[in-house]
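[1] Here is a sequence with its predicted model. Questions after.
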Amino acid sequence: MSFQIDKTENYTLIKLLAEKLDSNLAPSLKSELVVVSTDGAKNIIIDLTDTRYCDSSGLSALLVANRLCKNNHGLFVLAGLQEPVKKLISISQLDTILNITSTVIEAKEKFSIPD
């Protein structure tokens, strides 16, 4: 598995354990997001600390997460973006619609949860 999932009462943290979020990983991430959402998670944090590359299918998976959270009246947060991924998100102008934090700790703070 290329990601690790940690469910808490207030949010679900998905840590990508792969260097690339591309067409090989994006479909399984999307499937997992749908499962997590169906199980009742409305707040999702995706930790991209280990991810150094993202393509359009990866961006699509992130947008699926954002949409699922919005549909469930929750919050989606991206954390730990590496510079190449941050640039792609900025060029795509997704930084204007996605909640982005520098660290997972900052992301957790959005849910008012002390660490």
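    Good, I have the coordinates.
[2] What are the boundaries of the helices in this protein?
    26-38, 56-71, 83-91, 104-109 (DSSP state H).
[3] Return the set of buried residues in the third one.
    Okay, so that is helix 83-91. Of the residues in helix 83-91, 85-86, 88-89 count as buried by neighbour count, 16 or more other CB atoms under 10 Å. In short, each C-beta sits where N, CA and C put it, glycine included.
[4] ditto for the shortest one
    The neighbour-count check on helix 104-109 (16+ other CB under 10 Å) flags 104, 107-108 as buried.
[5] Out of these, flag the one nearest to A61.
    A107 (17.3 Å; CB to CB).
[6] Give me the distance between the spatially most central residue of the chain and S23.
    Nearest residue to the geometric centre of the chain (CA atoms, centre = their mean): I46, 2.7 Å. I46 is 17 Å from S23, where distance means CB to CB, to the nearest Å.
[7] can you check N71 too?
    Separation of N71 from S23 (CB to CB): 25 Å.
[8] A107 too?
    Separation of A107 from S23 (CB to CB) stands at 26 Å.
[9] just to revisit the earlier point, ok, which of the helices of the chain comes nearest I5?
    Closest approach to I5 among these is made by helix 26-38 (7.0 Å; CB to CB).
[10] Point out the other helices and strands that the closest one packs with.
    Under the contact criterion of 3 or more CB pairs under 8 Å, 6 or more residues apart in numbering; DSSP states H and E, helix 26-38 touches strand 3-7, strand 12-16, strand 44-47, helix 56-71.
[11] And that helix, what's buried?
    For helix 26-38, the neighbour count (16+ other CB under 10 Å) marks 26, 29-30, 32-33, 36-37 as buried.
[12] Now the two most distant members of the buried residues of helix 83-91.
    Spanning the widest gap among the buried residues of helix 83-91 are K86 and L88, at 7.4 Å by CB to CB.
[13] N66: what's its closest spatial neighbour, skipping adjacent residues?
    For N66, ignoring the flanking residues on the chain, the nearest one in space by CB to CB, 6 or more residues apart in numbering is F76 at 4.5 Å.
[14] Give the burial count for that neighbour, as a bare number.
    Applying other CB atoms under 10 Å, we find 25 residues neighbouring F76.
[15] Appreciated, that's everything.
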